[in-house]
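K.L.:
Sequence first, then the predicted structure, then my questions.
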Amino acid sequence: MRVITQQSLGGPEALTIVDAPEPQPFPGEVLVRVRAIGLNPIEALLRAGEFPPLLGRPPFVLGWDISGVVEEGPLTWRFRPGDEVFGMPMFPRAASAYAEVVSAPALHLARKPASLSHVEAAALPVVGLTAWQGLVDLAGVSEGDRVLVHGGGGGVGHVAIQIAKALGAHVITTASGSKRKLVEGFGADEVIDYTAVDFTEAVRDIDVVLDTIGGDTVERSLEVLRPGGHLVTAVAEEDVKLIARYEAAGMRFSGIAVDPDPVGLRGLVDLVEQGRLRVHVQETFPFERVADAHRLLDAGHLQGKVVLTV
């Protein structure tokens, strides 16, 4: 099989395609013939050495989001050969998903909804589970809550808008003016163009803030929460001083580092099958053009996700 690996940290050109033996599944794992691979900004940071080395030093194989078909091999009762599956195996340990075949714990996969293509399904797990675990598991969003999603046009953000709406929330999001129609299409009730308006002057009495931006956005979000409100961040979860500021103000502060989660993955599938959740793919690239895909990741300001096809 072919895998995308790198021998050194660096730019997109560090990614190279090589031949490698197929993985041998452990008990409880299945072999998946990959059809599509979802790319995430963390992978560009790991490639360049700008993030704590989850995968150690090179050589390593990046990637977690996959969609594909179960192959013959040591199988569990969960799946059979030919089943179409998707998921985010192993995170934050190496799943080596930039490959034509991946061995994954069956518990970390779910059957792909028929309404999703492999490209769409591969785009969903990391962003979907991040949003689900933040809004459902940590914040407990419920009917009538006012939820502010920072970065609503991005990968996590556009899924978070839809999950919050499905939970019955009034959803406000920050996004650039060019993404207004996109986020409104996902159900945002109010859109704040952060390039023209300071969100702290535009909203108040927010029950839950979901942050995907970091920086001073997290600090200033304290100003818009109602007393006892809850900030959930995917990018500043270990800022001790910031946590202390929120707690001193009587607010809740939660950081989320996404986990493989069969319950959450099933929840995402249910929303997809109900027609209440879809995933936006900005662009797809063939496996051979992984460097071009990473250049797009490096450029930032994505609309939804970037996906490799295999």
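P.N.:
Perfect, thanks for sending it.
K.L.:
what about the longest strand in this protein?
P.N.:
Ranked by number of residues, the top strand in the chain under DSSP state E is strand 29-39.
K.L.:
who touches stretch 14-28?
P.N.:
Applying Cβ atoms under 8 Å, 6 or more residues apart in numbering, the external contacts of stretch 14-28 come out as 1-8, 31, 47, 58, 73-74, 76, 96, 98-99, 101-103, 105-107, 287-288, 290-291, 294. The way it works is simple: take the backbone N, C-alpha and C, and place the C-beta from them, glycine included.
K.L.:
for stretch 255-274, same thing?
P.N.:
Against stretch 255-274 from outside (Cβ under 8 Å, 6+ apart): 87-92, 105, 107-111, 113, 115-116, 124-126, 128-130, 132-134, 136-138, 162-163, 166, 232-234, 236-238, 277-278.
K.L.:
Filter the residues you listed down to the buried ones.
P.N.:
With burial judged by 16 or more other Cβ atoms under 10 Å, the buried subset of those is 87-91, 105, 107-111, 113, 116, 124-126, 128-130, 132-134, 136-138, 162-163, 166, 232-234, 236-237, 277-278.
K.L.:
any idea how far the residue positioned nearest the centre of the chain is from residue 217?
P.N.:
Closest to where the C-alpha atoms of the chain average out (Cα atoms, centre = their mean) is residue 127, at 1.8 Å. Going from residue 127 to residue 217 by Cβ to Cβ, to the nearest Å gives 18 Å.
K.L.:
got it, and residue 122?
P.N.:
Residue 122 is 28 Å from residue 217, where distance means Cβ to Cβ.
K.L.:
just residue 56 next, same as before
P.N.:
Counting by Cβ to Cβ - residue 56 and residue 217 are separated by 31 Å.
K.L.:
and what of residue 34?
P.N.:
Taking Cβ to Cβ, one finds residue 34 at 35 Å from residue 217.
K.L.:
go on, residue 51?
P.N.:
Per Cβ to Cβ, residue 51 is found 19 Å from residue 217.
K.L.:
what about the two, which has more around it?
P.N.:
Between residue 51 and residue 217, counted using other Cβ atoms under 10 Å, the more crowded position is residue 217 (20 against 14).
K.L.:
so what pLDDT did the more buried one get?
P.N.:
pLDDT recorded at residue 217 is 94.
K.L.:
helix, strand or coil for it?
P.N.:
Secondary structure assignment for residue 217 (DSSP: H, G, I helix; E, B strand; the rest coil): helix.
K.L.:
The residue nearest to it when sequence neighbours are not counted: neighbouring residues, count only.
P.N.:
Excluding the flanking residues, the one nearest residue 217 by Cβ to Cβ, 6 or more residues apart in numbering is residue 150, at 5.6 Å. When counting by other Cβ under 10 Å, one arrives at 28 neighbours for residue 150.
K.L.:
Would you agree residue 150 is in contact with residue 212?
P.N.:
Yes - contact status for residue 150 versus residue 212: in contact at 5.7 Å, counting by Cβ atoms under 8 Å.
K.L.:
which residues do the two both contact?
P.N.:
Residues touching both residue 150 and residue 212 by Cβ under 8 Å, 6+ apart: residue 157.
K.L.:
which strands and helices sit next to the least confident helix or strand in the chain by mean pLDDT?
P.N.:
Ranked by mean pLDDT, DSSP states H and E, the weakest helix or strand in the chain is helix 240-248, scoring a mean of 91. Counting contacts by 3 or more Cβ pairs under 8 Å, 6 or more residues apart in numbering; DSSP states H and E, helix 240-248 packs against helix 216-221, strand 252-255.
K.L.:
No more questions from me, cheers.
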